[in-house]
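Asks: Dropping the sequence and predicted coords here.
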Protein chains: 2
Amino acid sequence: MSTPTLLVLDAEPLPRLGRLTGRARIEHTDEATLAERLPHADVLLVWDFTSHAVRGAWPGDGPRPRWVHTASAGVDHLMCPELAASDTVVTNARGVFDQPIAEYVAALVLAMAKDLPTTLRLQGERTWRHRESLRVAGTRACVVGSGPIGRAIARTLEALGVTTALVGRTARTGVHGPQDLDRLLARADWVVAAAPLTDDTRGMFDARRFGVMQPSARFVNVGRGQLVVEDDLAAALTGRRIAGAALDVLSHEPLPADSPLWRVPDLIVSPHMSGDTVGWRDALGAQFVEMFESWAAGGPLANVVDKQRGYVPGH
Amino acid sequence: MSTPTLLVLDAEPLPRLGRLTGRARIEHTDEATLAERLPHADVLLVWDFTSHAVRGAWPGDGPRPRWVHTASAGVDHLMCPELAASDTVVTNARGVFDQPIAEYVAALVLAMAKDLPTTLRLQGERTWRHRESLRVAGTRACVVGSGPIGRAIARTLEALGVTTALVGRTARTGVHGPQDLDRLLARADWVVAAAPLTDDTRGMFDARRFGVMQPSARFVNVGRGQLVVEDDLAAALTGRRIAGAALDVLSHEPLPADSPLWRVPDLIVSPHMSGDTVGWRDALGAQFVEMFESWAAGGPLANVVDKQRGYVPGH
């Protein structure tokens, strides 16, 4: 095989691809030149995983990369019918974010149980006001999304004594199917959204589902912003139909300064950082380099996305 | 035995002692009338565990209660040489606070690792600013205090993947002695103070010990405020000699509004609430009622404090 062309849709800081020197012809592109360069590339690395430019730039039936890798768990930002219908293989960064996101969810759950936002607000006001807080052990969680991230969240919550149910697309051992969702939501103290964004999951957390939850329930989204009808969540919080929520992902990122979501009562907004612990970019780069070496040697690719479903099918 | 007199040093809300009706002559007192009533009491329940009045009111060699129970883990607020020298038995609320405090410490550790205070501040400013945060798994903690609270903290941190060393008054299986403390502090990412306040522990976290810690270390105090030389901690934080701290207990409680501690950089101040989860007062009352019934029946008392050491000796 001649030296393959690797096209990188750039974001700062750039990936460390030094190990591929001489084994790939590496070209860099931004969104503006992506469409022009895509037809000549064998491999596309979507390093800028916030970009939606692949959809518009995809060459359709023309010459195109044989392989597209995205440095993210979700693939919703790049999938389009033409890419899904093509023979191009799509892979993702499955595995890199599991444990960091699980810890982040545990941090949010514990912070809400212990009322840390109020403590910090009162500290700012130099006010000592003792309050009672909640035990976490003995409570119940429902984690929606049964991939590696959802399973890591469940393991971490279980380690804290939280009885945790996983809900996936299909029922299997240890995983509930969608038919159990409403029943599980109705008894959960913590509802965690960690599902991929697909036609099935878009807007699944809406007024009806917040209405099913207990008034004492708290909701956490670390999946994709569009899993949630954000206006419905704001109304549920303002109307005290649920007790609290935390959104690390939003329908529009970055969240505009004039969004009312910044000021919804009992809502924590964080800037899509749950998986991004120190060294995360290096981990993403190293994962891609390993996958590239395997692919270039004719070996199998890991983390192959089912392009119809929109995620890597697992057990 | 005639019906014993149970004197309660009151705090709101009052303990639920209904089960003792007819089995104890229950009298209530505040700090002002404590000295006058103590000599006639068989049992003193220090329900107001924030009060230091027992020290001043203790009758010395005169008639005095045979048993004093405090609805707290620490006994520093009531111990005095005369009480220590007497044959009066002192018991505490050992066991009630262990798991709640362990969860609270986990909440603080995770909140600091994930930089939640900055997230909440930026939310208040309607500002989306992505940052990298820290993994908790794979870090190291040193927990000072090897009683049930310290051990529960260690178990909970270990469940989150934190390698945790316990330091107690004497080395034993699973517990380091004081001679290991500085070495353990020097490699800890998290230092947690959960020791009783005694002559040995007062002011143990001072400028020298903060100097031993890593610049990346974070310190948590859930024991007693006076374990810490607070001015030294403030200087260590201001001078970036350690990276952060959280104090749930303070030398002066409630912390006065004009205290500079409210505004020390990277310091979280909370109002002595780590153990106080919903139902905690009921749990404290129920624990005392059980102990009283055992004592009145001539049975053994649990949670007997070693009055010289200032805590319940354990394994």
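Replies: Structure received. Residues are numbered from 1 along each chain as shown, chains lettered A, B, ... in the order given.
Asks: The residue in the stretch 201-315 of chain A that chain B sits nearest to - nearest residue in space that isn't next to it in sequence?
Replies: At 3.6 Å from chain B, residue A:254 is the closest residue in the stretch 201-315 of chain A, using CB to the nearest CB. Placement of C-beta: from N, CA and C, glycine included. Using CB to CB, 6 or more residues apart in numbering or on different chains and skipping the chain neighbours, the partner closest in space to residue A:254 is residue B:128 (3.6 Å).
Asks: Kindly tell me how buried the one you found is, as a neighbour count.
Replies: 19 (other CB atoms under 10 Å in any protein chain shown).
Asks: cool, and residue A:158?
Replies: Other residues close to residue A:158 by other CB under 10 Å number 13.
Asks: Now do the contacts for it.
Replies: Taking CB atoms under 8 Å, 6 or more residues apart in numbering or on different chains, we find residue A:158 in contact with residue A:164.
Asks: what do you get for residue A:289?
Replies: Applying CB under 8 Å, 6+ apart, we find residue A:289 in contact with A:16, A:17, A:19, A:20.
Asks: wait, is it part of a strand?
Replies: No. Read with DSSP: H, G, I helix; E, B strand; the rest coil, residue A:289 is helix and lies in no strand.
Asks: What parts of the stretch 51-200 of chain A come near chain B?
Replies: Applying CB under 8 Å from any CB of the partner chain, we find that the stretch 51-200 of chain A lies next to chain B at A:99-100, A:103-104, A:106-107, A:110-111, A:113-114, A:116-117, A:119-120, A:122-123, A:126-137, A:156, A:159-160.
Asks: For ChimeraX, write a command that selects the buried ones of those residues.
Replies: A single ChimeraX command selects the buried members of these (16 or more other CB atoms under 10 Å in any protein chain shown):
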select /A:99,100,103,104,106,107,110,111,113,114,116,117,119,120,122,123,128,133,134,135,136,156,159,160
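Asks: what ranges do the strands span in chain A?
Replies: A:5-9, A:25-29, A:43-46, A:67-70, A:89-91, A:140-144, A:163-167, A:190-193, A:218-221, A:244-247, A:267-269 (DSSP state E).
Asks: Which residue ranges of the stretch 51-200 of chain A form helices?
Replies: In the stretch 51-200 of chain A, the helices defined using DSSP state H, counting those that start in this stretch lie at A:53-57, A:81-85, A:98-113, A:116-124, A:148-159, A:181-187.
Asks: Reformat the strands of chain A as a markdown table; add mean pLDDT, mean neighbour count and distance to residue A:284.
Replies: Listed next are the strands of chain A as a markdown table, based on pLDDT from 0 to 100; neighbours: other CB atoms under 10 Å in any protein chain shown; distance: least, CB to CB, whole Å:
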| stretch | mean pLDDT | mean neighbour count | distance to residue A:284 |
| --- | --- | --- | --- |
| strand A:5-9 | 97 | 23 | 12 |
| strand A:25-29 | 97 | 16 | 16 |
| strand A:43-46 | 98 | 26 | 10 |
| strand A:67-70 | 98 | 26 | 10 |
| strand A:89-91 | 97 | 21 | 12 |
| strand A:140-144 | 98 | 26 | 24 |
| strand A:163-167 | 98 | 20 | 25 |
| strand A:190-193 | 98 | 26 | 23 |
| strand A:218-221 | 98 | 26 | 22 |
| strand A:244-247 | 98 | 24 | 23 |
| strand A:267-269 | 98 | 21 | 24 |
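Asks: Kindly reformat those as TSV containing distance to residue A:237.
Replies: Converted to TSV, the strands of chain A look like this (distance: least, CB to CB, whole Å):
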stretch	distance to residue A:237
strand A:5-9	37
strand A:25-29	42
strand A:43-46	34
strand A:67-70	32
strand A:89-91	36
strand A:140-144	18
strand A:163-167	22
strand A:190-193	13
strand A:218-221	9
strand A:244-247	6
strand A:267-269	6
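Asks: Nearest the geometric middle of chain A, what residue?
Replies: In chain A, the C-alpha nearest the mean C-alpha coordinate belongs to residue A:223, at 3.7 Å (CA atoms, centre = their mean).
Asks: ok, now which ones touch the spatially closest residue to residue A:46 that is not a sequence neighbour?
Replies: Leaving aside its chain neighbours, residue A:46 sits nearest to residue A:70 (4.1 Å; criterion: CB to CB, 6+ apart). Residue A:70 makes contact with A:46, A:49, A:77, A:78, A:90, A:91, A:92, A:93 under the criterion CB under 8 Å, 6+ apart.
Asks: could you point out where chain A is predicted with low confidence?
Replies: For chain A, the stretches with pLDDT under 70 are A:1, A:315.
Asks: got the contact list for the closest residue to residue A:29 other than its chain neighbours?
Replies: With sequence-adjacent residues excluded and distances taken as CB to CB, 6+ apart, residue A:29 is closest to residue A:37, at 4.9 Å. Contacts for residue A:37 (CB under 8 Å, 6+ apart) come out as A:7, A:27, A:29.
Asks: so the second one touches residue A:4, yeah?
Replies: Think residue A:27. No. The pair residue A:27 and residue A:4 fails to qualify as a contact (CB atoms under 8 Å) at a distance of 11.0 Å.
Asks: how close does the closest residue to residue A:117 other than its chain neighbours get to residue B:268?
Replies: Counting by CB to CB, 6+ apart, residue B:120 is the residue found nearest to residue A:117 once chain neighbours are left out, at 5.7 Å. Per CB to CB, to the nearest Å, residue B:120 is found 11 Å from residue B:268.
Asks: and for those two, which residues touch both?
Replies: residue A:120.
Asks: can you list the residues of the stretch 201-315 of chain A near chain B?
Replies: Taking CB under 8 Å from any CB as the contact definition, the stretch 201-315 of chain A meets chain B at A:253-255, A:257-259, A:262-263, A:268-273, A:276-278, A:280.
Asks: Among those, name the ones in helices.
Replies: Among those, the members found in helices (DSSP state H) are residue A:280.
Asks: Mind giving me the PyMOL select for the residues of the stretch 201-315 of chain A next to chain B, buried ones only?
Replies: The PyMOL selection below is limited to those of these classed as buried (16+ other CB under 10 Å):
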select buried, chain A and resi 255+259+262+268+269+270+271+272+273+276+277+280
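Asks: Touching, residue A:237 and residue A:263? I think so.
Replies: No. Between residue A:237 and residue A:263 there is no contact under CB under 8 Å: 10.8 Å.
Asks: related to what we said a few turns ago, residues in contact with the residue nearest to the centre of chain A?
Replies: Listed by CB under 8 Å, 6+ apart, the contact partners of residue A:223 are A:74, A:144, A:145, A:193, A:194, A:195, A:196, A:197, A:201, A:249.
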